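K.L.:
I would like to see how this sequence folds:
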Amino acid sequence: MKSFLKMLGVVSVVLSMCACATRSNEEAAPERYSDLHFDNKQPIELMVKKVEVKSEFTPSFTRPNVEHLFPVSIEKTAKTWAKERLEAVDFSSNRVAEFIIKDASVTEREEKAEQILQKDRLRYHATLNVVLRVIDNKASAQTSVEAYRELTMPIDTGIEDKEKHWNEMVVNLFKSFDEHMEINVQKYLNMYIKGNNSITSF
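P.N.:
Prediction:
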């Protein structure tokens, strides 16, 4: 009799644990997206005293601009890129590197279906335009990258699916930006890269 009671106790505990797990799944919070980081890559060491990160982009918070609705901010991610990928390593110099965000916008446009059975669509266009400039006394050298991505989806797409596609859009945008900006720095600002003694002429 005693052993039977013990078994009942074990069963009741297992059932209560299962019930808790079921409630947890039903009440699961919506998916949240983490900010992007780039510190897994080797930083670009610039022979400058400091790197200044600036933004000249001002969101309008009105359509057709919708960058403020994105779960991960393009402008904020660009600032993170500069802080994690650009490193000042010549503190004895007077040279300064300026990372200037010119544009970090996303626009939304409604497109009518071309055929009767098709749904109207929403087209999104994301743009990231950045200038990297090194000021060396009275002289300066600079390079710029303008990256963009486009995305279309049915007009009745739910907000959770929209955020998923928007997040993928930002991830792909920065994959392109990171690749092209590093190439441009190596090509046009190579004289300011630590350990690079070659100078490209144009």
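
K.L.:
make it CA atoms for all contacts and neighbour counts henceforth
P.N.:
Noted.

K.L.:
that's a strand at S144, yeah?
P.N.:
Yes. Assessed with DSSP: H, G, I helix; E, B strand; the rest coil, S144 lies in a strand.

K.L.:
hang on, isn't it packed against V130?
P.N.:
Yes. Contact criterion Cα atoms under 8 Å: S144 and V130 qualify, at 5.6 Å.

K.L.:
more crowded one of those two?
P.N.:
A direct count of neighbours by other Cα atoms under 10 Å for S144 and V130 places V130 higher, at 23 against 19.

K.L.:
what sits closest to S176 if chain neighbours are left out?
P.N.:
In space, and not counting its chain neighbours, S176 is closest to A147: 6.8 Å by Cα to Cα, 6 or more residues apart in numbering.

K.L.:
what number of residues lie near that neighbour?
P.N.:
A147 has 21 nearby residues by other Cα under 10 Å.

K.L.:
which residues does it contact?
P.N.:
Residues in contact with A147 (Cα atoms under 8 Å, 6 or more residues apart in numbering) are 127-129, 173, 176-177.

K.L.:
quickly find the element holding it.
P.N.:
A147 is part of strand 139-154, with elements assigned from DSSP states H and E.

K.L.:
try T107
P.N.:
Using DSSP H and E, T107 sits within strand 96-111.

K.L.:
count of neighbours near the closest residue in space to Y188 that isn't next to it in sequence?
P.N.:
Ranked by Cα to Cα, 6+ apart and with sequence neighbours excluded, the top spatial neighbour of Y188 is T143, at 6.4 Å. Counted with other Cα under 10 Å, the neighbours of T143 add up to 16.

K.L.:
would you confirm that T143 contacts R133?
P.N.:
Yes. Between T143 and R133 there is a contact under Cα under 8 Å: 6.5 Å.
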